[in-house]
Each structure stands twice: as C-alpha cells, then as structure tokens.
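Q: here is a sequence with its predicted model. Questions after.
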Amino acid sequence: MAEMQEEQWEEIDETQLTIAERCVYRTRRRAVELYLKGKTAKEILRTTGLSRIAVNRLWERCCVKDPETGKSCGFKALVPRSKMKKFIR
C-alpha cells in the first residue's frame with residue numbers, strides 16, 4: 001500500500017534546488033525508497049547515513065495531507081526547508 005502512494009507522488013524539479021539542497025533531497029529520497037522496499041534500519045543507515053528515527057519522520061512528513069488539495073505532500077516534504085503547513089496568524 002505504501003508503494004502505491006509513492007507512485008502517485010509528483011516528481012520534484014531538482015533544477016530549482018541548489019546543489020546542497022539537491023544532495024540532501026536525494027539522500028532523503030533514497031532513504032524513503034529503501035524504507036518502502038523493506039530494507040533494514042542498518043542497511044538504510046549504511047547507505048544514506050540516516051537513522052531509523054529520521055527516516056520514520058521523513059516518511060510521516062511525506063504522508064501529511066496538503067489542506068488545500070487533500071493530496072499527500074509526497075516528495076515535496078523531502079526538500080530542505082520545505083513548508084508543509086501554512087503559517088496562520
């Protein structure tokens with residue numbers, strides 16, 4: 001079921017990211033993809049340097065629904081400094 005959600009997620013235009021942001025994004029995305037494939041926490045840590053807790057947090061961010069569209073945030077949530085919720089005063 002998780003893999004089905006991933007397929008529906010929009011791709012990110014990496015050309016809009018700085019080189020540093022692109023590196024962080026790709027590492028995060030790789031970790032989430034490994035998580036979805038059922039890799040162990042040790043394998044993910046060895047491959048990406050991200051802990052199980054960090055990957056779980058990233059996965060949860062990806063699954064958060066955008067209040068305006070009702071869709072999951074998906075890969076957008078993996079972009080550094082991306083805002084998933086609008087600031088309301």
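A: Happy to help now that I have it.
Q: and the residue nearest the centre of the protein?
A: In the chain, the residue lying closest to the centroid (Cα atoms, centre = their mean) is L78, at 3.6 Å.
Q: T47 versus that one, what's the distance?
A: Computed as Cβ to Cβ, to the nearest Å, the L78 to T47 distance reads 16 Å. All C-beta spots, glycine's among them, are computed from the backbone N, C-alpha and C.
Q: and if you look at C63?
A: Counting by Cβ to Cβ, the gap from C63 to T47 is 22 Å.
Q: in contact with T47, which residues are there?
A: Listed by Cβ atoms under 8 Å, 6 or more residues apart in numbering, the contact set of T47 reads 30-31, 34, 39.
Q: after whatever helix or strand it lives in, which helix or strand is next?
A: T47 belongs to helix 41-48 when assigned by DSSP states H and E. Moving toward the C-terminus from helix 41-48, the next helix or strand (DSSP H and E) is helix 52-63.
Q: ok, residues contacting that next one?
A: Taking Cβ under 8 Å, 6+ apart as the rule, helix 52-63 contacts 5, 9, 28, 31-32, 34-35, 41, 44-45, 50, 72-75, 77-78, 84.
Q: can you count the residues close to T48?
A: For T48, the tally of surrounding residues (other Cβ atoms under 10 Å) stands at 21.
Q: contact partners for the closest residue to it other than its chain neighbours?
A: On the basis of Cβ to Cβ, 6 or more residues apart in numbering, the spatially nearest residue to T48 that is not a chain neighbour turns out to be A31, at 4.2 Å. Going by Cβ under 8 Å, 6+ apart, A31 touches 44, 47-48, 50, 54-55, 58.
Q: longest helix in the chain, please.
A: In the chain, assigned by DSSP state H, the helix with the most residues is helix 19-36.
Q: average pLDDT for that one?
A: Averaged over helix 19-36, pLDDT sits at 95.
Q: buried sites along that helix?
A: Buried residues in helix 19-36, counted by 16 or more other Cβ atoms under 10 Å: 22, 24-25, 28-29, 31-32, 34-35.
Q: if we can go back for a sec, leaving out sequence neighbours, find the closest residue to the residue nearest to the centre of the chain.
A: Among residues not flanking L78 along the chain, R28 sits closest, at 4.1 Å (Cβ to Cβ, 6+ apart).
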